[in-house]
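> Provided below for reference: sequence and predicted model.
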Amino acid sequence: MADHTNEFTVRGACPHDCPDTCALLTTVEDGRAIRVAGNPAHRHTDGALCTKVSRYTERTYHPERLLTPMRRSGPKGSGQFEPIGWDEALDEIAARLKDIAARNPQAIVPYSYAGTMGQVQSEGMAARFFHQLGASFLDRTICAAAGGEALVQTLGGKLGMKVEHFAEAKLILIWGSNSIASNLHFWRLAQQAKRDGARLVCIDPRRSETADKCHEHIALRPGTDAALALALMHELIQNDWLDHDYIARHTLGWDALRERALLWSPERAAEICGVPAQQITDLARAYGTTKPAAIRLNYGMQRVKGGGNAVRAVACLPALTGAWRHRAGGLLLSASGHFPVDRATLHRPDLLAGKTPRTINMVTIGDDLLRESSPDFGPKIEALIVYNSNPVAVAPESAKVVQGFAREDLFTVVLEHFQTDTADHADILLPATTQLEHWDIHTSYGHTDVLLNRPAIAPVGEARPNTEVFRQLAERMGFDDPCFADSDETLCRQAFGDQVDFQQLLDQGFATLPVPEAPFADGGFQTPSGKCEFFSARLAAQGLDGLPDHLPNHEAAGSDPRHPLAMISPPARNFLNSSFVNVKSLRDIEGEPLLEISAADAVPRGIADGDVVRVFNQRGSYRCKARVSPRAREGVVNGLGIWWRKLGLDDTNVNQLTSQKLTDLGRAPVFYDCLVDVEKA
Ligand code: SF4
């Protein structure tokens, strides 16, 4: 910390759901944060933040920040509240939870995700509280579970290349990622590689800002990535661009995969993917003959029925060519498996003391809130405690989600910074601190450094950290385990125990994990066989296909004549899921909710650029503005998200159209597996 009389800087970490996990430097003057910048001493951040977080002070001191606890004063969902004191709020919550828990604690459900990714303010104290209570478990699957499960089955964990080595690659496939918008610091490395002669290929149904800047863009149909990967394997085999030694020593199931891949000629895949066969053979040649070749995979492509299989197929590629031998070769989807978080100490599952609660999948909260008690389902959901999430805006099939949240007999507590669509449905609304106001400690899914976040300013208004809310509730519930008295700094220390030097975190704000430069250069996969598992006996034992394959979408293109367009819903560039939508300067850049549509699809429908359109399917309809744009390929529309419903044109957003169906692996959502049609409104 540099101290200049009444001005000083505090080291922190960006808490948002982004692989970059930047190191922050907050300048504080007279107790007020005046600037948030990237820490130049942290090599991954390199002094630069994205547009969203460089405006963090605007968010922290936003005139609409929630400043006091509030109780609902109007009809459910009306957003009408009256201020109350903290003691009154916590007493009421504890009384309601005690009453429900006396009947069946599983009727209480926590609902949280990556609104903040810190280990402490996410599940630190909250997990302890819900374990002791015996509340339902939440399956936190809404983003990364299909791809994560695929990596576990194939590589043995959420492990991969160190991001810094992409700068040395000679070919980079940017697969399912708009890196400029959602992985900026990786993009800087890709640019460096490009300047040094690397070829960049973007694989994405949308012609994103990233695709604009790559040498080539392969605009495949949503949900066809596995077909493309299998055809690449076909060509690697046919042309013998294989590393036979690596395959023999470090893989499992080669003969079976070879047989499967040989069914996937480029012509067959081209038909399914909607791209020219020549583009596939050219890509295979580049991938098979360029060394080192690296793949930056991201989660967009796994939000379809076959998302898990697609990630498995792509994750097999580096083992076929031996790309893992080089530190700048291989694949990165997530690095989070490298972090030795001590979850037993942090989350205290032992507090369950033999209780075995049911699990609610956060993806199907719409349906589950509307279910009655039954032997299969268990008790009807009577209480929801929502923190770090905005399910009314982000969960699929939102008409049902809204209907569920509007239940008069549901007791809903929301911990939030702002009055989001979900907060509008709270019975008790509690003001939460932002990252500038509390302690936390962070892993990353895009690099391999641990970051510490120290509070820079006092809490704004009466806001309290999530940890403090659960600590106080625990006391009122009569939970007397000493762990409920742990301070936030203690929780930060417990997160990694002696696996990470906490003094180093205090001194410089970050610590680098000792991860091998090329993690699978000599095999060493963390699967049961110790090999890259092309064939997974564990999947086969579950009755699933042991080999990766292409699975058509639940709503495959051409399968429903009433809804001929496939819709994907990637994030608008200046939003991060539903965070930042209420930051006016960012919303002004985005303008209004947009649907990108190709001229080929717009013209026959009489739709011109700027028209208000109705996007619809069997689940609902959504009004937004059409942008007739080459960013959309023919047959696919891009509904940019995720707007708050109440800031949209008709109090809905794109999730009015998405479904609650699940992926092949990981029980994850299928946001990009969604057929619609569009008409001028
Ligand atoms: S959102 Fe991502 S790029 Fe932006 S500051 Fe946070 S970690 Fe960095």
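Arrived safely, thanks for sending.

> CA atoms for contacts and neighbours, from now on please.
Will do.

> for this protein, give me the ranges with low pLDDT.
For the chain, the stretches with pLDDT under 70 are 1-5.

> so which bits of it are right by the ligand?
Residues of the chain lying near the ligand by C-alpha under 6 Å from any ligand atom: 14, 16, 18, 20-22, 49-50, 53, 184.

> show me which of those residues are buried.
Listed as buried from the residues of the chain next to the ligand are 14, 16, 18, 20-22, 49-50, 53, 184; burial here means 16 or more other C-alpha atoms under 10 Å.

> re the thing from before, among the residues of the chain next to the ligand, name the ones in helices.
Using DSSP state H, the members of those that fall in helices are 53, 184.

> turn the residues of the chain next to the ligand into TSV, columns for distance to residue 279.
Shown next, in TSV, are these (distance: C-alpha to C-alpha, whole Å):
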residue	distance to residue 279
14	39
16	36
18	31
20	31
21	35
22	36
49	35
50	33
53	38
184	27
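
> hey, which helix is longest across the chain?
If you go by DSSP H, the chain has its longest helix at helix 86-103.

> centre of the chain to the helix or strand hosting residue 248, how far?
Residue 248 is part of helix 244-250, with elements assigned from DSSP states H and E. Centroid separation between helix 244-250 and its chain, computed with C-alpha atoms, centre = their mean, to the nearest Å, is 34 Å.

> ok, then the element right after that helix?
strand 251-252.

> run through who's touching that next one.
319, 529, 531-535 (C-alpha atoms under 8 Å, 6 or more residues apart in numbering).

> if you set the cut-off to 6 Å instead, what comes out?
The contact list for strand 251-252, computed with C-alpha atoms under 6 Å, 6 or more residues apart in numbering, reads 531-534.

> in stretch 488-498, what's buried?
Those would be 488, 491-497, for stretch 488-498 by 16+ other C-alpha under 10 Å.

> so which of the buried ones among the residues of the chain next to the ligand comes closest to residue 420?
Nearest to residue 420 among these: residue 16, at 16.7 Å, using C-alpha to C-alpha.

> tell me the contacts of that closest one?
Contact analysis of residue 16 by C-alpha under 6 Å, 6+ apart lists residue 116.

> gap between it and residue 649?
Distance, residue 16 to residue 649, by C-alpha to C-alpha, to the nearest Å: 27 Å.

> so the spatially most central residue of the chain, which of the three states?
With distances taken as C-alpha atoms, centre = their mean, residue 143 lies nearest the centre of the chain, 4.0 Å away. Under DSSP: H, G, I helix; E, B strand; the rest coil, residue 143 falls in the coil class.

> i'd like the first residue to be 438 from this point on
Renumbered: residue one is now 438, and that last one reads residue 580.

> quick one: the strands in the stretch 638-787 of the chain?
Using DSSP state E, counting those that start in this stretch, the strands found in the stretch 638-787 of the chain span residues 653-655, 688-689, 730-734, 767-769.

> my error: substitute the stretch 488-637 of the chain in the last question.
Using DSSP E, counting those that start in this stretch, strands in the stretch 488-637 of the chain cover 507-509, 518-520, 545-549, 574-576, 608-612, 636-640.

> so what strands line up beside the first one?
This means strand 507-509. With DSSP bridges as the test, strand 507-509 is paired with strand 518-520 (antiparallel), strand 865-868 (antiparallel).
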